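1. Please work out how this folds:
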Amino acid sequence: MKDFIAYCGLDCETCEARLATVNHDEALRRKVAALWSELNRAEITPDMIRCTGCRIDGVKTPYCNSLCPIRQCALSRGVETCGSCCETETCEKLASITKNNPDALRRLKAPRAVLYIHGKGGSPDEAAHYRPLFPDCHVIGFDYKAQTPWEAKAEFPAFFDALKEKYGSVTLIANSIGAYFAMSAGIDARIDRACFISPIVDMERLILDMLTWARATEADLREKGVIHTAFGEDLSWEYLTYVRAHPVTWHAKTEILYGAQDNLTPYETVSAFAQRHSAGLTVMEDGEHWFHTQAQMQFLDRWIRDCETR
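-> Alright, predicted model coming up:
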């Protein structure tokens, strides 16, 4: 479930109390206080209008923090939202919200999507592997066309916007360069969490490493524009300059699976990325960049299941 969806199904992301808080907007804070005072026939001061969201860590309004019966009930039952409760359809407390806000009930009942983005040479059909791991979700393979980060930035957002409209929450599983394209496309606000398998997290470093493997220099690349390598990669000056001009920014809750035998990304690179982005990092000592052996896939499956509990 998307983190900004409250236990009752209301969308905290659009709540003016949250917007006033995160944007430090005092005028909006006063406006909300006046409106809520009128609606509730009680004095609500601007200082009370401080909230980051019902299910988000951080400050809450006095009502949301300790008085809301729906939130207190959900916390006591340990449910993700009221949509996870067996009494969703019959609960009178929840009905006080949903009878006047059918979108809230729709959000609670909306199915969850798991989107798989393959790496280079992969296929959206690989999503079939993950369906048994998510039996209650719609598992979708993204048949993207992008070959560069700028093409991904043009293609990915619309696809993720459509998912966000249709599903209550979206989990992203992305492999190798598929993870890099997702980060470059800036879709982190459109998903609830990400599971990255052997992600490319520093494309500039990878390109420079490949230049070394090809016994070429950055000056050679600038002069030639494109260098064809013996290991099958075409290195592009346009690509390198784009990567430098558009560093990755990523804020989604993320878990990373890394193989210690990865031949593309050094451990220190992925570890530094994980630390900068507060991402979980799991290392398989016998893992490679491409997880494909029986032992590797069994490790991957256990990791996916563990990610679901974090």
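
2. what about Leu264, neighbour count?
-> 16 (other Cβ atoms under 10 Å). Where C-beta positions appear, they are placed from N, C-alpha and C, glycine not excepted.

3. Look up how far Leu35 lies from Asn65.
-> 19 Å (Cβ to Cβ, to the nearest Å).

4. what's near enough to touch Leu105?
-> Residues near Leu105 by Cβ atoms under 8 Å, 6 or more residues apart in numbering: Gly9, Thr98.

5. Convert the C-alpha atoms of the helix or strand hosting it to PDB, please.
-> Per DSSP states H and E, Leu105 falls inside helix 102-109. What follows is helix 102-109, C-alpha atoms only, in PDB (Å, rounded to 0.1, in the frame of the first residue of the first chain):
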ATOM      1  CA  PRO A 102     -15.900   6.300  -2.100                       C
ATOM      2  CA  ASP A 103     -12.300   6.900  -3.300                       C
ATOM      3  CA  ALA A 104     -11.100   6.000   0.200                       C
ATOM      4  CA  LEU A 105     -12.700   2.600   0.000                       C
ATOM      5  CA  ARG A 106     -11.500   2.100  -3.600                       C
ATOM      6  CA  ARG A 107      -7.900   2.700  -2.400                       C
ATOM      7  CA  LEU A 108      -8.200   0.200   0.400                       C
ATOM      8  CA  LYS A 109      -9.600  -2.500  -1.900                       C
END
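
6. Quick one: mean pLDDT for the helix or strand where Lys93 lies?
-> Using DSSP H and E, Lys93 sits within helix 92-98. Taken as a whole, helix 92-98 carries a mean pLDDT of 93.

7. ditto for stretch 113-131
-> On average, stretch 113-131 scores 96.

8. First-to-last residue distance for it?
-> 11 Å (Cα to Cα, to the nearest Å).

9. Buried by neighbour count: which residues of the helix holding Leu105 qualify?
-> The neighbour-count check on helix 102-109 (16 or more other Cβ atoms under 10 Å) flags Ala104, Leu105, Arg107, Leu108 as buried.

10. contacts for the longest helix along the chain?
-> The single longest helix within the chain, with elements called by DSSP state H, is helix 149-166. Under the contact criterion Cβ under 8 Å, 6+ apart, helix 149-166 has outside partners 2, 110, 113, 115, 140, 142, 144-146, 170, 180-182, 184-187, 190-191, 203, 239, 242-243, 246.

11. Could you do stretch 225-243 as well?
-> 148-150, 203-204, 207, 210-211, 213-214, 216, 218, 220-222, 224.

12. And those, which two are furthest apart?
-> Trp150 and Trp213 (24.6 Å; Cβ to Cβ).

13. one step back: and the buried residues of helix 102-109, which is closest to Ser76?
-> Using Cβ to Cβ, those come closest to Ser76 at Leu108, 17.8 Å.

14. Please name the spatially closest residue to that closest one (chain neighbours excluded).
-> Gly83 (3.2 Å; Cβ to Cβ, 6 or more residues apart in numbering).

15. how many neighbours does the one you found have?
-> 23.

16. wait, what's in contact with it?
-> Counting by Cβ under 8 Å, 6+ apart, Gly83 has contacts Met1, Gly9, Arg107, Leu108, Lys109, Ala110, Gly168.

17. Just to check, the third one is in contact with Gly168?
-> It stands for Arg107. Yes. If you go by Cβ atoms under 8 Å, Arg107 and Gly168 touch, sitting 5.6 Å apart.

18. Among the contacts of helix 149-166, which lie within strands?
-> Ala113, Leu115, Ile140, Val170 (DSSP state E).
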